[in-house]
Structures are given as C-alpha cells and as structure tokens.
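> show me the folded form of this:
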Amino acid sequence: MKNDFKTAQAHLDSSANSRPLQTNIGERNRVAGHNYYESINYSDSVLDIGDEVLIDELALNSERFFRRRFGFSVPKSNRQQVLDLQKQMGASDHQIRWLHRGGYLQLQNEAIRLHVNKWMPVFALAGIGLLSIVYLFLFLRAVPSEHISPFQAVGTQLLIATVWFSIIAWMYEGTVKPWPIVKRWAVRRSSCEG
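Numbering: from 1, shown residues only. Now for the predicted structure:
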C-alpha cells in the first residue's frame, strides 16, 4: 500500500506543472478556459444565429423549441398559424410572446385568434393609475418618525418603489405596449377584407 501511494504522489508531483486533461463530450460543449467547462445550449445558439427558415422549421416540429422561442406552447396543428400570424403582422418573437401573455393571442376552437379588444389597454391604464395612487400613499406613509428610523424609512420606500415599478412594467408590457401592434393588424385585416 505504501508503494502505491508513493507512485501516485510521484505522478501528481510530476504532472503538477503540465496542463490538465480536458475533453469535449458531444458537439454542444466546449472547454471555455483554464479550469471550467461550458455547455452550449443548441436552441439558444440557433435562435441567436440561425436563419429564419431553420428557426421556423424547428419551431414547427419541436414543442420545446417553440416554447423557448415564444414562451408558450400550442399543439403542432396550431404552430403554423402562429408563425403565419407573426409574418402577417411583421411582429418579433418578443412581441408574439407578450401578445399571448397579455391575452390578445389565444387558442380558441382549434384556431389561433388575435383578439382586438379596445377596452383592454384602457382598463390596464386605469389599473396602473389606481395602483400608482395606492403605492404613492404607501410611499408617503413610510417617512421617518419617532417609530421608524431614517434608514428603515428609506429601505421601505425603496422596497415599495421596486414592487410598484415591477407591477407597472409587467402590466404595461402585457396590455398597453402590444396594443399598437394589434390595432395595426386589425386595420390591415379590415382593409384586406373590405
């Protein structure tokens, strides 16, 4: 046993100055530097550098790739409808994602529909205004007093402002920001039908 240990120790000592053995396993991985290993995600790299035809074909045939691209999944029979709608509208992947999150893009009766609801952004703006009033009241209540130190008051105000901003940004992105895209598509569609 002692001899085995000395042999192993001698091997480690002699290879201490040499480069470590690094191997690549599969085509999606690479040695990124001296002492760490990077795994490259195929779908992310295709979305970044792939051509439009390849990306559309992958999204059509793979539910996981479609979900990674648009943020939601639909049956294979409806994926082509989403891609056609995207091309008709001239929308980006990000815009399609937010149209779905905002409730404008829905699957109904085995068909993808884009709902043109004029009241949705109005109600969203009213909700944003109401939330702003409530959070302004909360913000102004968190002032230094004999019960609250200045540091606690500033921390509370920062927390309130962060929560307010997060909610407002989410509501705006989901309901108000997609509205011009929906309106433009509705005008295009009515001019083609008329």
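
> domains for this structure, by residue range?
In terms of domains, the chain is parsed into 42-114, 119-193 (source: automatic domain parsing).

> adding mean pLDDT, write the ones you listed out as JSON lines.
What follows is the domains of the chain, written out as JSON lines (pLDDT from 0 to 100):
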{"stretch": "domain 42-114", "mean pLDDT": "85"}
{"stretch": "domain 119-193", "mean pLDDT": "87"}
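
> mean neighbour count added to these, as a markdown table?
Glycine gets a C-beta too; all of them are placed from N, C-alpha and C. Below are the domains of the chain laid out as a markdown table (neighbours: other Cβ atoms under 10 Å):
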| stretch | mean neighbour count |
| --- | --- |
| domain 42-114 | 15 |
| domain 119-193 | 14 |
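
> how near is the spatially most central residue of the chain to residue 127?
Nearest residue to the geometric centre of the chain (Cα atoms, centre = their mean): residue 71, 6.9 Å. According to Cβ to Cβ, to the nearest Å, residue 71 stands 22 Å off from residue 127.

> and the pLDDT at residue 24?
Residue 24 carries a pLDDT score of 50 in this model.

> before we move on, what about the one 4 residues further on?
pLDDT, residue 28: 56.

> check residue 7 too.
Looking at residue 7, its pLDDT reads 59.

> which residues of the chain fall in helices?
Applying DSSP state H to the chain gives helices spanning 2-14, 42-49, 52-61, 63-70, 76-89, 93-101, 119-141, 150-171, 179-193.

> output the ones you listed in CSV; the columns should cover distance to residue 111.
Listed next are the helices of the chain as CSV, based on distance: least, Cβ to Cβ, whole Å:
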stretch, distance to residue 111
helix 2-14, 66
helix 42-49, 26
helix 52-61, 16
helix 63-70, 17
helix 76-89, 7
helix 93-101, 15
helix 119-141, 20
helix 150-171, 28
helix 179-193, 15
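
> so for residue 108, which of these sits nearest?
Closest to residue 108 of the helices of the chain is helix 76-89 (Cβ to Cβ; 10.4 Å).

> output that closest one as CSV, nothing but the C-alphas.
The C-alpha coordinates for helix 76-89 follow below in CSV (Å, rounded to 0.1, in the frame of the first residue of the first chain):
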residue,chain,number,x,y,z
LYS,A,76,-48.5,21.1,-33.6
SER,A,77,-51.5,21.8,-35.7
ASN,A,78,-51.6,25.4,-34.5
ARG,A,79,-47.9,26.3,-34.6
GLN,A,80,-48.0,27.1,-38.3
GLN,A,81,-50.9,29.5,-37.6
VAL,A,82,-48.8,31.3,-35.0
LEU,A,83,-45.9,31.6,-37.5
ASP,A,84,-48.2,32.8,-40.3
LEU,A,85,-49.7,35.4,-38.0
GLN,A,86,-46.3,36.6,-37.0
LYS,A,87,-45.3,37.0,-40.6
GLN,A,88,-48.6,38.8,-41.4
MET,A,89,-48.2,41.2,-38.5
